[in-house]
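*Asks:* Generate coordinates for the sequence data below:
(2 chains)
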Amino acid sequence: MSDRIGVQEDDFSVAAEYAWLTDSNSVDGAVVSFVGRLRDVNAGASVQGLWLEHYPGMTERALQALIDEARARWQLGRVAIIHRVGQLRPADQIVWVGVTSPHRAEAFAAAEFLMDALKTRAPFWKKEQTDRGERWVEARDTDAQRARRWDA
Amino acid sequence: MTERTVTVLFFARLREAMPQPELQLAWNGHGTVAELRRAITAQGREWTALTGDLLVAVNQEMATDDHAVAPGDEVAFFPPVTGG
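*Replies:* A predicted model of the protein is given here:
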């Protein structure tokens, strides 16, 4: 199986995920990895924590659909997306996208596409705990714009 | 006789605004997402948060208001997503 999807409360290890991408893989010359982490400030407020809600079942399906789309667009080797859910703290890892391909152009493009696409199409919702109380994060126009860039 | 229902789920800010996070609604098989929304809000004032910039999924696939809804379907309503 060359796709790996995780929706989990537990943290992930970048080293372990890199090993999954590369073990016994002598075909792919390029490995691209991206980690999204929780910052301690957002939209003018100090962030003390984040609650990540998701739609069990649909989340995994949506991520698989994005990987299928990436594979239809680029020649890829192994592809992994791991997204954490539940309660997180500043500096925690939130999301991992890992892609291999024979050459670097496809791996870079696919990893960026997968991040832009999951930000607008995967059913997760963030609730920030700040010094001013709790608030649901609003979807950003910039994320919608970045996702539209990939439309043919 | 088997009861004909749909399962309705709410997420995030919408889940907090509705009286309950999940609901089984009697459904006879004829109707779209738009009609399902009207059936939900017709239950009373406390259900009328189902308005505004909301997305919908039918059986875990993104859908629109004109999508058909059948008994046994799972329909979820939620705000624009903010993962990643």
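*Asks:* can you give me phi and psi for the nearest residue to residue A:144 once chain neighbours are set aside?
*Replies:* Closest residue to residue A:144 apart from its sequence neighbours, by Cβ to Cβ, 6 or more residues apart in numbering or on different chains: residue A:120 at 5.8 Å. Every C-beta, even on glycine, is put in place using the N, C-alpha and C of the backbone. Per-residue torsions, residue A:120: phi -120, psi -10 (degrees, to the nearest 10).
*Asks:* per-residue pLDDT, residue A:120?
*Replies:* The model reports residue A:120 with a pLDDT of 94.
*Asks:* Low-confidence ranges, the chain, go.
*Replies:* Let's take chain A. A:152 (pLDDT under 70).
*Asks:* oops, I was thinking of chain B
*Replies:* Short version for chain B, where the test is pLDDT under 70: B:1-2.
*Asks:* Just give the number of residues close to the residue nearest to residue A:144.
*Replies:* 19 (other Cβ atoms under 10 Å in any protein chain shown).
*Asks:* Confirm for me that residue A:106 is in contact with residue A:75.
*Replies:* Yes - if you go by Cβ atoms under 8 Å, residue A:106 and residue A:75 touch, sitting 5.7 Å apart.
*Asks:* Hmm, residue B:27 is touching residue B:75, no?
*Replies:* No - if you go by Cβ under 8 Å, residue B:27 and residue B:75 don't touch, sitting 9.4 Å apart.
*Asks:* so what sits against both of the two?
*Replies:* Residues touching both residue B:27 and residue B:75 (Cβ atoms under 8 Å, 6 or more residues apart in numbering or on different chains): B:6, B:36, B:69.
*Asks:* Can you say which helix or strand has the residue sitting nearest the centre point of chain A in it?
*Replies:* Taking Cα atoms, centre = their mean as the criterion, residue A:95 is the residue nearest the geometric centre of chain A, at 4.3 Å. Assigned by DSSP states H and E, residue A:95 belongs to strand A:93-101.
*Asks:* Spatially, what comes nearest to the residue in chain B positioned nearest to chain A if we skip its sequence neighbours?
*Replies:* In chain B, the residue that lies nearest chain A is residue B:83 (2.8 Å; Cβ to the nearest Cβ). Nearest residue to residue B:83, sequence neighbours excluded (Cβ to Cβ, 6+ apart): residue A:124, at 2.8 Å.
*Asks:* which other helices and strands contact the helix or strand containing residue A:7?
*Replies:* Assigned by DSSP H and E, residue A:7 belongs to strand A:3-8. Where contact means 3 or more Cβ pairs under 8 Å, 6 or more residues apart in numbering or on different chains; DSSP states H and E, strand A:3-8 is packed against helix A:58-73, strand A:79-84.
*Asks:* Which positions in the first one come out as buried?
*Replies:* Neighbour counts using 16 or more other Cβ atoms under 10 Å in any protein chain shown place A:58, A:59, A:60, A:61, A:62, A:63, A:66, A:67, A:69, A:70 of helix A:58-73 among the buried residues.
*Asks:* Please look at the residue of chain B closest to chain A and residue A:122 and confirm they touch.
*Replies:* Yes - using Cβ under 8 Å, residue B:83 is in contact with residue A:122, at 4.9 Å.
*Asks:* hey, what's in contact with both of the two?
*Replies:* residue A:83.
*Asks:* Let me see the contact set for the residue nearest to the centre of chain A.
*Replies:* A:34, A:35, A:36, A:81, A:82, A:83, A:84, A:115, A:118, B:83, B:84.
*Asks:* what about the last one, neighbour count?
*Replies:* Translated: residue B:84. Neighbours of residue B:84 (other Cβ under 10 Å): 22.
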